[in-house]
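**Q** Predicted model follows, preceded by the sequence.
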Amino acid sequence: MVILKRKITRLDLVLLLMLAASGVYLSYRVKVGLNYNWNWSVLPQFLFRYDQESARWVPNLLMQGFFNTVRLSIWGTLLASLIGLLMGLWRVSHSLFYRLIGRSYVEICRNLPPLVLIFIFYFFVSDQIMPILGVEDFVRNSSPATQSLLAFCLAPPDLIAPFLSALITLAIFEGAYITEIVRAGIQSIERGQWEAGRALGMGRWQLMRHIILPQAIKRILPPLGGQFISTIKDSAIVSVISIQELTFQGMELMSATFMTFEVWITVTLLYLLLTLTCSLALARLETVLHRRER
């Protein structure tokens, strides 16, 4: 694989200038046409604030939502990957029962509106599952060190149950798409690989573990990375159940300050920071994998 170095051309500069000019023009039209007073100077205080007690800068509303979005995306992708791997294996299983479960899961999640799934799974998990598991009691009775760790990795103790409910909901929804990625990756392996493994006397599990999955993982990594980016964007939907992620905090801040454009432009840039960083990391990962294959 030949990796070409990209250079900035005159066309790139022209497009950047046109984009900048469009931004300036839209800002002017908003100010004149809508009689909107831009007030960017107030916005930084909603990103970080200085805490007098700890004598340091701490995240404020928007950055708190940003970090909650990061937590939701990371844990949601990990949990969705486990669900997708299991259901993907069931989708290609010889057992009709497992195949029916896998296909039913995929068809239900992919053919219902995400908002409907969010409400169904959220209220079921939050109202039925969490009290049975005693999550809130466990967190409440934990040591301060454990509570601090949970607050850093997941959410503050008083919000842990809603956060876990939203996390499970997001993972179940995203897991349906990862299931199809895993299924397609396994089925893309040439039939000769299966026959060679059987000729060596391998069972199906040994064949899957030592021959099929190692090859399939290389093929599913790019679409799996794309699904991680989709998870970042889809995490905004849990704002409808009052999870304090980036979109929810943006709506709350907009309602309190009426700085509509400043808030949503900032939220957009924060989402772009996440997704573009992931895109660059995935491109780097693909390059490394291609080099190792050579």
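**A** Cool, got the structure. Numbering: from 1, shown residues only.
**Q** For this protein, name the helix or strand with the lowest mean pLDDT.
**A** When each helix and strand of the chain is scored by mean pLDDT, DSSP states H and E, helix 130-133 comes last, with a mean of 76.
**Q** What ranges does the protein have for its helices?
**A** 10-33, 61-91, 96-110, 114-124, 130-133, 135-140, 144-153, 160-187, 191-199, 204-207, 213-234, 246-257, 260-293 (DSSP state H).
**Q** Which of those helices sits closest to residue 43?
**A** With C-beta to C-beta as the criterion, residue 43 lies closest to helix 260-293 of the helices of the chain, at 5.1 Å. Yep, even glycine has a C-beta here, placed from its N, CA and C like the rest.
**Q** Give the buried residues for the closest one.
**A** Judged by neighbour count (16 or more other C-beta atoms under 10 Å), helix 260-293 contains these buried residues: 261-263, 266-267, 270-271, 274-275, 278, 282.
**Q** Which of the residues you listed sits closest to residue 206?
**A** Of all the buried residues of helix 260-293, residue 282 has the smallest distance to residue 206: 30.9 Å, by C-beta to C-beta.
**Q** out of everything not next to it in sequence, what's closest to that closest one?
**A** residue 225 (3.9 Å; C-beta to C-beta, 6 or more residues apart in numbering).
**Q** quick one: contacts for that neighbour?
**A** Residues counted as contacts of residue 225 (C-beta atoms under 8 Å, 6 or more residues apart in numbering) are 278, 281-282, 285.
**Q** Check it and give its pLDDT.
**A** At residue 225, the model reports a pLDDT of 84.
**Q** next one: residue 265
**A** Looking at residue 265, its pLDDT stands at 90.
**Q** One more: residue 162?
**A** Residue 162 carries a pLDDT score of 82 in this model.
**Q** I'd like the C-alpha coordinates of the least confident helix or strand of the chain written as CSV, please.
**A** The C-alpha trace of helix 130-133 is given here as CSV (Å, rounded to 0.1, in the frame of the first residue of the first chain):
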residue,chain,number,x,y,z
MET,A,130,-31.9,-1.1,38.8
PRO,A,131,-34.0,-1.5,42.0
ILE,A,132,-33.7,-5.3,41.9
LEU,A,133,-30.0,-5.1,41.5
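**Q** Now residue 279. Nearest residue, chain neighbours left out?
**A** With C-beta to C-beta, 6+ apart as the criterion, residue 279 has its nearest non-adjacent residue at 6.6 Å, and that residue is residue 229.
**Q** The one you found reaches residue 277, doesn't it?
**A** No: the criterion here is C-beta atoms under 8 Å, and residue 229 misses it with residue 277 at 9.8 Å.
**Q** Tell me, how many residues neighbour the residue nearest to residue 279?
**A** Per other C-beta atoms under 10 Å, the neighbour tally for residue 229 reads 18.
**Q** wait, what's in contact with it?
**A** Residues near residue 229 by C-beta under 8 Å, 6+ apart: 275, 278-279, 282.
**Q** Those residues into JSON lines, with extra columns for pLDDT?
**A** Below are the contacts of residue 229 laid out as JSON lines (pLDDT from 0 to 100):
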{"residue": "275", "pLDDT": "90"}
{"residue": "278", "pLDDT": "87"}
{"residue": "279", "pLDDT": "86"}
{"residue": "282", "pLDDT": "82"}
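**Q** What is the nearest of the residues you listed to residue 102?
**A** Of all these, residue 102 sits closest to residue 282, with 26.5 Å by C-beta to C-beta.
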